[in-house]
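# Provided below are the primary sequence and the corresponding predicted coordinates.
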Amino acid sequence: MIRRLAKIATAHVESRLESRFRELDLGFTQWIALKVIHDGVVSTAGELARELGITTGATTRLIDTLEEHDLLFRDRGTADRRVVKLSLTDAGRKVTAALLPDVINAWTEIFEDVDQPEAEAFVATLKKMFATAERLENRAEEVVL
């Protein structure tokens, strides 16, 4: 059900924001990339690929496009040049901030029939499930090592 809800909700958000994305010459995946970088969820190309569930090749093309639009930049750093840190430019931060209210409004429509206590319980349950899934994933990685 969670996968289906995510699919339907994402389609709703994309359709509601299609004209805004077009105005800014952005796609939905590009918006998600900007948002997760902005929020500090990811900071490298590898993390972005894992977060978005896309190949490293697709991630490179995504980053190239965002860089061409002056929305993010790559920082190879000095310690390990193989690690590419991603940061939003001023323009990237502005675009992310400009779209955020529209994205929130689109998601709010999905939750219009859910009252505040139900929403809080839903979020609390998702947080528990997320923590459990991460713990299980970490255990599985330890076994492989």
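Structure received.
# distance from the chain centre to stretch 120-139, please.
Distance, stretch centre to chain centre, for stretch 120-139: 18 Å (CA atoms, centre = their mean, to the nearest Å).
# give me the residues contacting it.
The contact list for stretch 120-139 (CB atoms under 8 Å, 6 or more residues apart in numbering) reads Val114. For every residue, glycine as well, the C-beta is placed using N, CA and C.
# average pLDDT for the lengthiest helix in the chain, rounded please.
In the chain, taking DSSP state H as the definition, the longest helix is helix 116-144. For helix 116-144, mean pLDDT is 90.
# now do the helices in this protein.
Going by DSSP H, the chain shows helices at 2-23, 28-38, 45-52, 56-68, 90-110, 116-144.
# still on that earlier bit, okay, angle between the longest helix of the chain and helix 2-23 too, please.
If you take axes from the mean of the first three to the mean of the last three CA atoms, to 10 degrees, helix 116-144 sits at 100 degrees to helix 2-23.
# could you redo the helices of the chain as TSV and give each row mean neighbour count?
Formatted as TSV, these follow (neighbours: other CB atoms under 10 Å):
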stretch	mean neighbour count
helix 2-23	12
helix 28-38	19
helix 45-52	17
helix 56-68	15
helix 90-110	14
helix 116-144	10
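# adding distance to Asp75, write those helices out as TSV.
Formatted as TSV, those follow (distance: least, CB to CB, whole Å):
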stretch	distance to Asp75
helix 2-23	26
helix 28-38	12
helix 45-52	11
helix 56-68	11
helix 90-110	13
helix 116-144	27
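# for Leu34, give its distance to Thr96.
5 Å (CB to CB, to the nearest Å).
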